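Colleague: Sequence and predicted model, in that order:
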Amino acid sequence: MYDIIIGLEIHAQLKTKSKMFCRCSNDGENQPPNTTICEICTGQPGTLPVANIKAIEWTALTGIALNCKIANFSKFDRKNYFYPDLPKGYQISQYDLPISYNGFLNINNKRIKVIRIHLEEDTGKLLHPNKKNYSLVDYNRCGTPLMELVTAPDITNAEDAKNFCQEYQKILRYLDVSDANMEKGQMRCEANISVQEKNKWKKINDEIKQIGDYRLNPKVELKNINSFKAMEKAINYEIKRQIKAITNNEKLHQETRGWDNNLGKSYFQRTKESADDYRYFPEPDLPPLDLRDIKKRIKKELPELPEAKLKRFITEYGFNKLDAEILTTDKNLAEYTERVISEFRAWLEAVDGIEGTQEEIWEANQKKIIKIISSWLINKLGGIMKSNNVKIKNLKISPENFAEFLTLLFQNKINNASGIKILEKMLIDGEDPSNILEQGNFEQVKNETILKNAIKKAIADNQKAVEEYKNGKINAIQFLVGQVMKETKGKAEPKTVLELLKKLLQ
Ligand SMILES: [Zn+2]
């Protein structure tokens, strides 16, 4: 009987080399406090800001990726408020003429409107040492370019809100404009949440209005969310809290609440009786922006976006949806995969015993090729990378070497057990797989005489298991397979061993 109404505000730090309005390094997070600052970003009198063109271009690029219109003309405004992390006493932001506006993103087949994406500068950081009666301020972050996205109140549940943020993060990383790491505060998601009785409200120009004499419940702004998981949890908690208050006839307040992830609760931060009066006015020290040329230029720079890449991985290569999602979540992994596929095709054409052109081999074996890639890239290599704490960016295995390795599997030259060992070696020293294969004697034991001898030995040494098998305990044969694998040091193909064993035990 209640509708849930959620709008999002997402701040993302742009990873430009220098700050928004000065030449200071934008790497302050990794430097000692108050070392990447200058007279401009600390607001000394008599200094003049100069806008970072890259940050402006990236805000337009992000807008295009989110189906936004890009303004022909835009400008910066001063947002006045006093707080110790803001040395100028105002923040340069954008008020009525944002760079990008009126876009959307499709999330779970629902269209979520993006009202605007504008550019502003980040503030410094306050630190509150434990049990001390003072606070510390680090101005390194002051003046970092910050892009703020605002959605319409179009979201109706916590999962969609989380998915929106995840998709946005993916896009920012594909565009290479922000690292958008939530834990590091490079991406900060805030949710505006309210709960209204069904059929008692309507949306007019992206605003919630009451129908008749219904009194709208106030919206709550939820902050301090530092992971996607926390986001879903926090929103669900807040929805429950509000519904409970309404059912118990308690008064809800328009307020800002923080999220305490350890306690799993939201807590009161401050009331918001009316809109804050920031006395916005046009920034007199910066000229207005004419974006017409940038707009034309940027449109050509838009790379393939996550959604399109995902679709292409399914239709062009034949990955299933789940695998395609895993492979395209990270742009670097998606690029690696495509290079592996192209190298794999070249390898297959080059090896003896496979006839045809690249195209013909691909046509005839696509399913098998993709299955090997899915299994070995996602599951096996993915697992080995995870346990060795290796990221795709610093992976030593080149796509060419990985494709060569897959070719060995394709030809059944190595079995799974040897494959894992070779892959582990490749990961550590970046060597090519055929070298490792030669040195390490990994080649599959195919010689039937060798296999039969190993099997005969296993039978002779394990009479008890043989008896059990002959008496109908089918599983006992797996033990014997294991013994043969041990004897051949893991180089036999388990399937062949099983077949031979069955034959010999008949
Ligand atoms: Zn500076």
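Modeller: The structure has been received and is ready for your questions.
Colleague: can you map out the strands along the stretch 201-350 of the chain?
Modeller: Taking DSSP state E, counting those that start in this stretch, the strands of the stretch 201-350 of the chain run over residues 201-204, 207-210, 220-225, 255-260, 265-271, 281-282, 289-290.
Colleague: Give me whichever of these is most buried.
Modeller: strand 220-225 (a mean of 21; mean count of other C-beta atoms under 10 Å). C-beta coordinates here come from the backbone N, C-alpha and C atoms, glycine included.
Colleague: Adjacent strands (with direction) for that one?
Modeller: Based on DSSP bridges, the pairing partners of strand 220-225 within the sheet are strand 187-197 (antiparallel), strand 255-260 (parallel).
Colleague: Keeping just the C-alphas, turn it into PDB.
Modeller: Output in PDB follows, covering the C-alpha atoms of strand 220-225 (Å, rounded to 0.1, in the frame of the first residue of the first chain):
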ATOM      1  CA  VAL A 220      15.200  11.600   3.900                       C
ATOM      2  CA  GLU A 221      18.700  12.100   2.400                       C
ATOM      3  CA  LEU A 222      20.900   9.100   3.200                       C
ATOM      4  CA  LYS A 223      24.700   9.600   3.200                       C
ATOM      5  CA  ASN A 224      28.000   7.900   4.200                       C
ATOM      6  CA  ILE A 225      27.400   4.900   2.000                       C
END
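Colleague: So what's the model's average confidence on that strand?
Modeller: The average pLDDT within strand 220-225 is 94.
Colleague: And the residue most central in space within the chain, which helix or strand is it part of?
Modeller: By C-alpha atoms, centre = their mean, the chain has its centre lying nearest to Lys170, at 4.9 Å. Under the criterion of DSSP states H and E, Lys170 resides in helix 158-175.
Colleague: Report the separation between the closest residue to Glu493 other than its chain neighbours and the ion.
Modeller: Sequence neighbours aside, Asn415 is the residue nearest to Glu493 in space, at 5.1 Å (criterion: C-beta to C-beta, 6 or more residues apart in numbering). From Asn415 across to the ion, the span is 60 Å (C-beta to the ion, to the nearest Å).
Colleague: State the distance from the residue of the stretch 301-450 of the chain found nearest the ion to Glu57.
Modeller: Relative to the ion, the nearest point of the stretch 301-450 of the chain is Glu301 (27.4 Å; C-beta to the ion). Distance of Glu301 to Glu57, computed by C-beta to C-beta, to the nearest Å: 8 Å.
Colleague: likewise Tyr267?
Modeller: 40 Å.
Colleague: what do you get for Gln44?
Modeller: From Gln44 to Glu57 the distance is 28 Å (C-beta to C-beta).
Colleague: Likewise for Lys198?
Modeller: 44 Å.
Colleague: Looking only at neighbour counts, state which of the two leads.
Modeller: Between Lys198 and Glu57, counted using other C-beta atoms under 10 Å, the more crowded position is Glu57 (19 against 8).
Colleague: Next, the contact list for that one, please.
Modeller: 294, 297-298 (C-beta atoms under 8 Å, 6 or more residues apart in numbering).
Colleague: swap the cut-off to 7 Å and go again
Modeller: 294, 298 (C-beta atoms under 7 Å, 6 or more residues apart in numbering).
Colleague: Report the angle between the one helix or strand it maps to and helix 158-175.
Modeller: Glu57 is part of helix 53-65 when elements are defined by DSSP H and E. Angle, helix 53-65 to helix 158-175, by axes from the mean of the first three to the mean of the last three C-alpha atoms, to 10 degrees: 130 degrees.
Colleague: what's next to the helix or strand following helix 53-65, contact-wise?
Modeller: With elements assigned by DSSP H and E, the helix or strand that comes after helix 53-65 is strand 69-70. Strand 69-70 has contacts (C-beta under 7 Å, 6+ apart) with 60, 63-64, 99-102, 291, 295.
Colleague: Repeat the analysis, applying 10 Å as the threshold.
Modeller: By C-beta atoms under 10 Å, 6 or more residues apart in numbering, the list of residues contacting strand 69-70 from outside reads 59-61, 63-64, 98-103, 117, 291-292, 294-296, 298-299.
Colleague: how does this structure divide into domains?
Modeller: 2-283, 306-440, 448-505 (automatic domain parsing).
Colleague: Where among the ones you listed is average confidence lowest?
Modeller: The stretch with the lowest mean pLDDT among these is domain 448-505, at a mean of 83.
Colleague: Check the contact between the residue nearest to the centre of the chain and Phe228; I expect there is one.
Modeller: No: the pair Lys170 / Phe228 is not scored as a contact, 11.4 Å apart, by C-beta atoms under 10 Å.
Colleague: Considering only the contacts of strand 69-70, which also neighbour the ion?
Modeller: Subset of the contacts of strand 69-70 in contact with the ion: empty, counting by C-beta under 5 Å from the ion.
Colleague: who does the closest residue to Ile239 other than its chain neighbours bridge with?
Modeller: Using C-beta to C-beta, 6+ apart and skipping the chain neighbours, the partner closest in space to Ile239 is Ile4 (5.6 Å). Beta bridges link Ile4 to Val195, judged by DSSP bridges.
Colleague: How much space separates Leu291 from Cys68?
Modeller: 12 Å.
Colleague: Common neighbours of those two, please.
Modeller: Common neighbours of Leu291 and Cys68 (C-beta under 10 Å, 6+ apart) are 59-60, 99-100.
Colleague: which one of the residues you listed is nearest the ion?
Modeller: Thr59 (19.8 Å).
Colleague: so that closest one makes contact with Gly103?
Modeller: No: the criterion here is C-beta under 10 Å, and Thr59 misses it with Gly103 at 12.0 Å.
Colleague: neighbour-wise, which of these two wins?
Modeller: Neighbours per residue (other C-beta under 10 Å) separate Thr59 from Gly103, with Thr59 holding more: 30 against 22.
Colleague: show me what contacts that one?
Modeller: Going by C-beta under 10 Å, 6+ apart, the list of residues near Thr59 reads 12, 14, 68, 70, 74, 94, 98-100, 117-120, 145, 147-149, 177, 291, 294, 298.
Colleague: Tell me where the stretch 1-150 of the chain has strands.
Modeller: 2-13, 69-70, 73-74, 77-80, 90-93, 100-107, 110-121, 125-127, 136-138, 145-151.
Colleague: Can you tell me which of these is packed in deepest?
Modeller: strand 145-151 (a mean of 24).
Colleague: Residues of the chain that sit close to the ion?
Modeller: Counting by C-beta under 5 Å from the ion, the chain sits next to the ion at 22, 24, 38, 40-41.
Colleague: hey, C-alpha coordinates of stretch 326-337 in CSV?
Modeller: This file holds the C-alpha atoms of stretch 326-337, laid out as CSV (Å, rounded to 0.1, in the frame of the first residue of the first chain):
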residue,chain,number,x,y,z
ILE,A,326,31.7,-11.2,-15.9
LEU,A,327,34.0,-10.5,-18.9
THR,A,328,32.6,-7.0,-19.7
THR,A,329,32.3,-5.7,-16.1
ASP,A,330,36.0,-4.7,-16.3
LYS,A,331,37.0,-2.9,-19.4
ASN,A,332,40.6,-4.3,-19.2
LEU,A,333,39.3,-7.8,-18.9
ALA,A,334,37.0,-7.3,-21.9
GLU,A,335,39.9,-6.0,-23.9
TYR,A,336,42.1,-8.9,-22.8
THR,A,337,39.3,-11.4,-23.8
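Colleague: could you redo the strands of the stretch 201-350 of the chain as JSON lines and give each row distance to Gln242?
Modeller: Converted to JSON lines, those look like this (distance: least, C-beta to C-beta, whole Å):
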{"stretch": "strand 201-204", "distance to Gln242": "14"}
{"stretch": "strand 207-210", "distance to Gln242": "14"}
{"stretch": "strand 220-225", "distance to Gln242": "7"}
{"stretch": "strand 255-260", "distance to Gln242": "10"}
{"stretch": "strand 265-271", "distance to Gln242": "10"}
{"stretch": "strand 281-282", "distance to Gln242": "36"}
{"stretch": "strand 289-290", "distance to Gln242": "40"}
